[in-house]
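In: Predicted structure and sequence below. I'll ask about it afterward.
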Amino acid sequence: MKVRLDIKQLQIGHYVHLPLSWGKHPFLLNAFKIKTNEQLAIIKQLGLNSVTINALKSDVFDSPVDTEEAANVIAAETESELAPIASQALDEMWSKKQEGRQQLAAIEERIHRSKEAFANTLNDVQEIFELDKSNQSPTISNALAIVSFIYKNISSESGSAIHLMNDSVGYSRLHYHSLNVSLLSVLICQAKGFTPKQCQLVAFSGLYHDIGKTQLPLSLLSTPEPTEASEIKRLHSHLDKSLQISAKIPKFPEAALKLIGQHHERNDGSGYPKGLRKDEIHQLSRILILANAYDNLCNGIESKSCPHDALTYLYNKCRDQHDVQDIMALIRVVGVYPPGTLVELSDQQIGVVVSTNQENRLSPFILVYDQNVPRDQAAIINIGEFGLSINKVLNDRELTLDQYHYLNPSSQSTYFIDVE
């Protein structure tokens, strides 16, 4: 519940919405809870006669000062006591805001570079799947170039930050899925300390693991969960088709064929085509299997889990099917709150995770919703630096229409890495 309040009645504990553009005040956010006398004094020096507060988010339980005389006395006392330190604090806040803006600009530039690289890479992935080009024979050169580019840009020391990508018009789910699986597989391998050769092998296999689906009708691929035995058998046939197509490509690695052939097996023997158990499944295949399962949960045909819920499901419900250590490596890669997760913060603001934070996986970079700030000027913040934490994960159905369009949750949870 928002209430208009005379500036003299403002107190510590009020959750305030400043009626100023972001550049006209020294605070890092337009809406926040007042926690110190310094913040209170600075707000009262902004030349405002009144402000809007959110009573439900405020921790002020005393009735507001209801006489002008009493309000003037409190205001005078506050200003006289805090004027000297408020002036110093104001300079420090403007300086910190400038530093913060520069940091945010650097983050935004990294995301922009990543999106450009993602679009180019997705175009290369599309070419891999164009098997009907009559004027040329299929080669593995594009795939090798993609794998080399991805691996070159992964940090061997701290892992690579990953960013949420927007939907790209003109590409099928198969293109997104193949790139996602390839990227996640190599990042999990890197997090587990596999050799460069092993990392690049699993990334290469990820690009081709579902290429057989190009030989199946779109109507079948668009079916959420086939129930007829004949449909299930036909869908499962994509695995053999992937092997057949790949084996015909000159110089296709034999080791990659093995990984592709096992990407639907499960540690508990419930997978296909052979019902292999853990010790019979190649360790790199197990990573490919996990990356494939995670992306299918996030980007299912009909039902889509938010990335955080997909991780929770894998950890709580699927430890018989996947190695726990592989699941933990995936969590290290994408964070506890992966990009694409809608969240409510500890101060009740809402936002969407746009990038992981290599230094603190519990403190990702979040684009914050603010109805008073244009979408193209929306703040991307490291919540840890603001003393904030994630209160809970939200479903997109919990958003208002304005919040939904502002945060623009992607229909695909698609990621890409930092690039040089």
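Out: Now that the structure is in, tell me what you want to look at.

In: ok, now which ones touch the residue nearest to the spatial centre of the chain?
Out: Against the mean C-alpha coordinate of the chain, by C-alpha atoms, centre = their mean, the closest residue is Pro339 at 0.5 Å. By C-beta atoms under 8 Å, 6 or more residues apart in numbering, Pro339 lies in contact with Ile162, His163, Leu164, Pro307, Val353, Val354, Ser355, Thr356, Pro364, Ser413, Tyr415. To be clear about C-beta, it is placed using only N, CA and C from the backbone, and glycine gets the same treatment.

In: Assign it to helix, strand or coil.
Out: Assigned with DSSP: H, G, I helix; E, B strand; the rest coil, Pro339 falls in the coil class.

In: List the contacts of the closest residue in space to it that isn't next to it in sequence.
Out: If the residues on either side of it in the chain are set aside, Pro339 comes closest to Leu164, at 3.6 Å by C-beta to C-beta, 6 or more residues apart in numbering. Residues near Leu164 by C-beta under 8 Å, 6+ apart: Pro339, Gly340, Val352, Val353, Val354, Ser355, Ser410, Ser413, Thr414, Tyr415.

In: please redo it, this time with the cut-off set to 6 Å
Out: Leu164 sits next to Pro339, Gly340, Val354 when contact means C-beta atoms under 6 Å, 6 or more residues apart in numbering.

In: CA atoms of stretch 334-346 as CSV?
Out: Extracted in CSV, the C-alpha atoms of stretch 334-346 (Å, rounded to 0.1, in the frame of the first residue of the first chain):
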residue,chain,number,x,y,z
VAL,A,334,25.0,-21.8,-13.2
GLY,A,335,24.7,-20.6,-9.6
VAL,A,336,22.1,-21.5,-7.0
TYR,A,337,19.9,-18.9,-8.8
PRO,A,338,20.7,-19.4,-12.5
PRO,A,339,20.2,-16.7,-15.1
GLY,A,340,16.5,-16.5,-16.0
THR,A,341,15.3,-17.0,-12.5
LEU,A,342,12.6,-14.5,-11.3
VAL,A,343,13.2,-13.5,-7.7
GLU,A,344,11.9,-11.4,-4.9
LEU,A,345,14.6,-9.7,-2.9
SER,A,346,14.8,-9.2,0.9
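
In: Give me the secondary structure label for Ala310.
Out: Put simply, Ala310 is helix when judged by three-state DSSP.

In: Before we move on, what's the pLDDT of the nearest residue to it once chain neighbours are set aside?
Out: Leaving aside its sequence neighbours, Ala310 sits nearest to Leu297 (C-beta to C-beta, 6+ apart; 3.9 Å). Per-residue confidence (pLDDT) for Leu297: 93.

In: and if you look at Leu82?
Out: Per-residue confidence (pLDDT) for Leu82: 52.

In: Then Ala70?
Out: pLDDT, read off for Ala70, is 47.

In: Would you state the strands of the stretch 51-200 of the chain in chain order?
Out: For the stretch 51-200 of the chain, the strands defined by DSSP state E, counting those that start in this stretch occupy 162-164.

In: follow-up on the earlier one: could you redo the contacts of Pro339 as JSON lines and give each row pLDDT and secondary structure?
Out: As requested, these are exported to JSON lines (pLDDT from 0 to 100; DSSP: H, G, I helix; E, B strand; the rest coil):
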{"residue": "Ile162", "pLDDT": "88", "secondary structure": "strand"}
{"residue": "His163", "pLDDT": "86", "secondary structure": "strand"}
{"residue": "Leu164", "pLDDT": "83", "secondary structure": "strand"}
{"residue": "Pro307", "pLDDT": "90", "secondary structure": "helix"}
{"residue": "Val353", "pLDDT": "91", "secondary structure": "strand"}
{"residue": "Val354", "pLDDT": "88", "secondary structure": "strand"}
{"residue": "Ser355", "pLDDT": "88", "secondary structure": "strand"}
{"residue": "Thr356", "pLDDT": "88", "secondary structure": "coil"}
{"residue": "Pro364", "pLDDT": "90", "secondary structure": "coil"}
{"residue": "Ser413", "pLDDT": "78", "secondary structure": "coil"}
{"residue": "Tyr415", "pLDDT": "85", "secondary structure": "strand"}
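
In: Nearest to Lys392 among the residues you listed?
Out: Lys392 lies nearest to Val353 out of these, by C-beta to C-beta, at 13.1 Å.

In: re the thing from before, pick the one among the contacts of Leu164 closest to Asn54.
Out: Closest to Asn54, out of all of the contacts of Leu164 and judged by C-beta to C-beta, is Val354, at 24.6 Å.

In: returning to what we had before: tell me the secondary structure at the residue nearest to Ala310.
Out: Under three-state DSSP, Leu297 comes out as helix.

In: burial count for it?
Out: 20 (other C-beta atoms under 10 Å).

In: and if you look at Gln198?
Out: Residues lying near Gln198 (other C-beta under 10 Å) number 18.

In: just for the stretch 1-150 of the chain, where's the confidence low?
Out: Residues of the stretch 1-150 of the chain meeting the criterion pLDDT under 70: 61-86, 100, 132-135.

In: 90 instead?
Out: 1-2, 17, 19-33, 35-39, 41-42, 44-47, 55-112, 115, 130-138 (pLDDT under 90).

In: Please name the bridge partners of the residue nearest to Pro339.
Out: Tyr415 (DSSP bridges).

In: So Phe32 belongs to a strand, correct?
Out: Yes. Per three-state DSSP, Phe32 lies within a strand segment.

In: now the helices for the stretch 251-400 of the chain?
Out: Secondary structure of the stretch 251-400 of the chain by DSSP state H, counting those that start in this stretch: the helices cover 254-261, 283-298, 307-317, 324-334.

In: Who are the packing partners of the second one?
Out: Helix 283-298 makes packing contacts with helix 173-191, helix 196-208, helix 254-261, helix 307-317 when contacts are defined by 3 or more C-beta pairs under 6 Å, 6 or more residues apart in numbering; DSSP states H and E.

In: Reformat the ones you listed as TSV; add distance to Ile381.
Out: Converted to TSV, these look like this (distance: least, C-beta to C-beta, whole Å):
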stretch	distance to Ile381
helix 173-191	24
helix 196-208	32
helix 254-261	40
helix 307-317	18
